[in-house]
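J.: quick check, what structure comes out for this input:
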Amino acid sequence: MQQGSEAMTAPNRPDICEEMVFEGARAVLCVINPSAYEVRLVYRDAEGVPYRSVPRAVAALAEAGQTPVLAMNAGMYHADMTPVGLYVEGGAELSAVNTDGGFGNFFLKPNGVFFIGTDAQAGVMETEAYAQAGIAPQFATQSGPMLVIQGAIHPRFLPDGTTKYIRNGVGVRDGKIVLAITRDPVSLGSFARLFRDVADCPDALFFDGAVSSLAWGSEMEIDSGEPAGPVVAVFARMAE
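T.: Purely as a prediction, here's the structure:
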């Protein structure tokens, strides 16, 4: 991470996470090395019932003996909790790529896809490029808008718009996954700069705002109290 942000302390945070103040707002950045951590997307239980929230997803994982190191919401959803765009879990496509137009952040194009391959390598790509690449991921979630695209901030973002929320998203840098969430409301422009200027991510994707939540272990660290669709969960790999 680049210098210039104010480091903070939090005794219960995982070692892979760092707290800081960026442009006046508190934020948490977690850098995940796929060789040391397994990253999965979860959405529903064994009976096919959506978890509907990060706390419920974490509780179900913990009950199954799979308590994650951390977890957060990871994509937008319809009223029935189904994903708005592409969603792949365990190699099975549960929802197709969505290239439609519409209103809201998801359709503030270009939007994008966060994916993890069968080789545990992760990426973030603009949706059209992803659709043309013929990728067959193990996990994938589509959301929007893209925050950073090949090192450039999304062209439709104002430098610091008046609409501010607690926000979360994902980027990839040098093969490592960067998950970020703010503790204070921020604009999309400021959140994008966090990924570009601090996390050094050439590509980053917005997950959501206002509903953004974060769990450390089985405890909620940031809980919006709002529903959630797809959830990204990080697990420590067992030593061989």
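J.: just checking, next helix/strand downstream of the helix or strand bottoming out on mean pLDDT in the chain?
T.: One helix or strand of the chain scores below all others by mean pLDDT, DSSP states H and E: strand 6-8, with a mean of 54. The helix or strand immediately downstream of strand 6-8 is strand 17-22, counting by DSSP states H and E.
J.: which residues of this structure score low on pLDDT?
T.: The chain contains residues with pLDDT under 70 at 1-11, 239-240.
J.: please redo it, this time with the cut-off set to 80
T.: Within the chain, the stretches with pLDDT under 80 are 1-11, 238-240.
J.: and the longest helix for it?
T.: helix 54-63 (DSSP state H).
J.: separation between residue 204 and residue 45?
T.: From residue 204 across to residue 45, the span is 30 Å (Cβ to Cβ, to the nearest Å). Any C-beta I mention is one placed from the backbone N, CA and C, and that applies to glycine too.
J.: among those two, which residue is more densely surrounded?
T.: residue 204 (27 against 13; other Cβ atoms under 10 Å).
J.: list the helices and strands whichever helix or strand comes after the longest helix of the chain packs on?
T.: Per DSSP H and E, the first helix or strand lying C-terminal to helix 54-63 is strand 70-73. Helices and strands touching strand 70-73, by 3 or more Cβ pairs under 8 Å, 6 or more residues apart in numbering; DSSP states H and E, are helix 54-63, strand 176-182, strand 203-209, strand 214-216, strand 231-236.
J.: quick check: residue 132 is in a helix.
T.: Yes. When DSSP: H, G, I helix; E, B strand; the rest coil is applied, residue 132 is found to be in a helix.
J.: which residues sit in contact with residue 66?
T.: residue 235 (Cβ atoms under 8 Å, 6 or more residues apart in numbering).
J.: likewise residue 104?
T.: The contact partners of residue 104, taken as Cβ under 8 Å, 6+ apart, are residue 76.
J.: that one and residue 144, how far apart?
T.: In terms of Cβ to Cβ, residue 104 sits 9 Å off from residue 144.
J.: spit out the residues that contact the two alike.
T.: Counting by Cβ under 8 Å, 6+ apart, the residues touching both residue 104 and residue 144 are residue 76.
J.: what packs against the longest helix of the chain?
T.: strand 70-73, strand 214-216, strand 219-222, strand 231-236.
J.: look up how far residue 122 lies from residue 76.
T.: 19 Å.
J.: between these two, which is the more surrounded one?
T.: residue 76 (25 against 22).
J.: so the more buried one sits right up against residue 208, yeah?
T.: Yes. Using Cβ atoms under 8 Å, residue 76 is in contact with residue 208, at 6.1 Å.
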